[in-house]
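[1] Got a sequence here, can you build the structure:
(2 chains)
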Number of protein chains: 2
Amino acid sequence: MKELVEAIRNQGVGIGDDIVKVDMFLNHRLDTELVVKMGEAFAAEFADTKPDLVLTVEASGIAAALTTAMALGNLPVVFAKKSQTRNVTGEVYQSSAFSFTHGVENHIRVSKAYLPQGLRVLIIDDFLANGAAASGLCDIVRQSGGTVCGIGVCVEKCFQPGRHVLESMGYKVVALAQVEGIDQGRLVVKD
Amino acid sequence: MKELVEAIRNQGVGIGDDIVKVDMFLNHRLDTELVVKMGEAFAAEFADTKPDLVLTVEASGIAAALTTAMALGNLPVVFAKKSQTRNVTGEVYQSSAFSFTHGVENHIRVSKAYLPQGLRVLIIDDFLANGAAASGLCDIVRQSGGTVCGIGVCVEKCFQPGRHVLESMGYKVVALAQVEGIDQGRLVVKD
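    Okay, the predicted model is just below:
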């Protein structure tokens, strides 16, 4: 998506070998117009998969999931909650997602009441790196007896294995921008 | 706001004396159409205060803050990050907000880069209970040399002192729905 590629090139910052900092428009401050356009782009990619619901994980996935849901005709959104404590009850679907950014294993959970059985679910997230968060969300959809329509991510870090992990499980992955690497603090983004 | 009042009456659940559970449309699952209408309602209330930016706190505030920003002509949104660790650097504005729900003191922080000095800032949050989160956000605006245009909350718990706290500091508070109490698991909402 052209506007996102330009925003990453003009505003994004690379730190070290692998940290892609785009919190000036995606993770801390939101460029509202850009977030709306990202939602429209995801909707165009996934409308033909006929999702019933958009699933994401708090907190940074919420904005793009919401604008995607709006562009798909006001679908409901569910955001999985993160917790560092394992606390299983019968009321939630739960999976795990190791955060490389924070070095902890997050458990992510969704109340069963809000993910009815057998739905077609579109997964949206801000970043694809190792695929841990998306894999956890797919696992939750599987537990609910639903179908993953596809996985849309705003920014893919191509030098990490997330896409390979997800595609090898058979999922369709769409990234709106792909960062290929970091060159002396500058983010190298595919055209 | 009529649609929100009806959603609370029809779907919300009261637990014990003081827990207002509306996560079926606001805190875990999002009713997208309702969230869009809440943004329009906040925009109608606050457009004449001419905000430059919408400020909220992750995670549950993000959706209503984003739709408000959209309805105000795609203003930028900044969401404060929560952390339980105090870790002051020169790069962030920081304040504290005690969470009664979780029984911990959260430190909330905003990168100085994303809240330029002297802005007019509209604060949006999902809940107003004791006013801790909103007070913390007001403190951050004050640190940035900005002006709080007003505070918009989706759901006010009238039986807790948040409104009194904020109004006594001189802030304009708008709630889209006001829960007056809990009657045997049923939420009592003002007309």
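[2] Provide the contact partners of the helix ranked longest in chain A at residue level.
    Scanning chain A for the longest helix, with DSSP state H as the assignment, gives helix A:32-46. By CB atoms under 8 Å, 6 or more residues apart in numbering or on different chains, the residues outside helix A:32-46 that reach it are A:1, A:3-4, A:7, A:25-26, A:63-64, A:66-72, A:122, A:124, A:149-150, A:152, A:154, A:174, A:176, B:66, B:69-70, B:74-77. In short, each C-beta sits where N, CA and C put it, glycine included.
[3] Those in helices, which ones?
    Counting by DSSP H, the contacts of helix A:32-46 contribute A:3-4, A:7, A:63-64, A:66-71, B:66, B:69-70 to helices.
[4] Tell me the spacing between residue A:72 and residue B:26.
    Remark: distance between residue A:72 and residue B:26 (CB to CB, to the nearest Å) = 20 Å.
[5] typo on my end, it should be residue A:41
    26 Å.
[6] Neighbour count for these two, which is higher?
    residue B:26 (26 against 22; other CB atoms under 10 Å in any protein chain shown).
[7] what's the burial count for residue A:179?
    Neighbours of residue A:179 using other CB under 10 Å come to 26.
[8] contacts for stretch A:56-64?
    Residues contacting stretch A:56-64 (CB under 8 Å, 6+ apart): A:26-27, A:30, A:35, A:38-39, A:42, A:65, A:77-82, A:97, A:108, A:123-127, A:133, A:136-137, A:152, A:154, B:30, B:58-59, B:62-63, B:66, B:77, B:79.
[9] Tell me the residues of chain A that contact chain B?
    By the rule CB under 8 Å from any CB of the partner chain, the part of chain A lying against chain B is A:23-24, A:28-33, A:35-36, A:58-59, A:62-63, A:66-67, A:69-70, A:74-79, A:81, A:110-111, A:113-114.
[10] let's go with 7 Å and repeat that
    A:24, A:28-33, A:35-36, A:58-59, A:62-63, A:66, A:69-70, A:74-79, A:81, A:111, A:114 (CB under 7 Å from any CB of the partner chain).
[11] Which ChimeraX command selects the buried ones in the residues you listed?
    Buried residues among those (16 or more other CB atoms under 10 Å in any protein chain shown), as a ChimeraX selection:
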select /A:24,28,29,30,31,32,33,35,36,58,59,62,63,66,69,70,75,76,77,78,79,81,111,114
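[12] my read: residue A:12 touches residue A:188, true?
    No. With contact defined as CB atoms under 7 Å, residue A:12 does not count as touching residue A:188 (10.4 Å).
[13] Look through every helix and strand of chain A and give the one with the lowest mean pLDDT.
    strand A:92-99 (a mean of 85; mean pLDDT, DSSP states H and E).
[14] what comes up buried for that one?
    Applying 16+ other CB under 10 Å to strand A:92-99 flags A:92-95, A:97 as buried.
[15] likewise stretch A:116-131?
    Result for stretch A:116-131 [16+ other CB under 10 Å]: buried residues A:119, A:121-131.
[16] Need those in CSV (columns: distance to residue A:168 and pLDDT).
    What follows is these, written out as CSV (distance: CB to CB, whole Å; pLDDT from 0 to 100):
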residue, distance to residue A:168, pLDDT
A:119, 24, 98
A:121, 20, 98
A:122, 20, 98
A:123, 16, 98
A:124, 21, 98
A:125, 18, 98
A:126, 22, 97
A:127, 19, 97
A:128, 14, 97
A:129, 16, 95
A:130, 13, 93
A:131, 10, 95
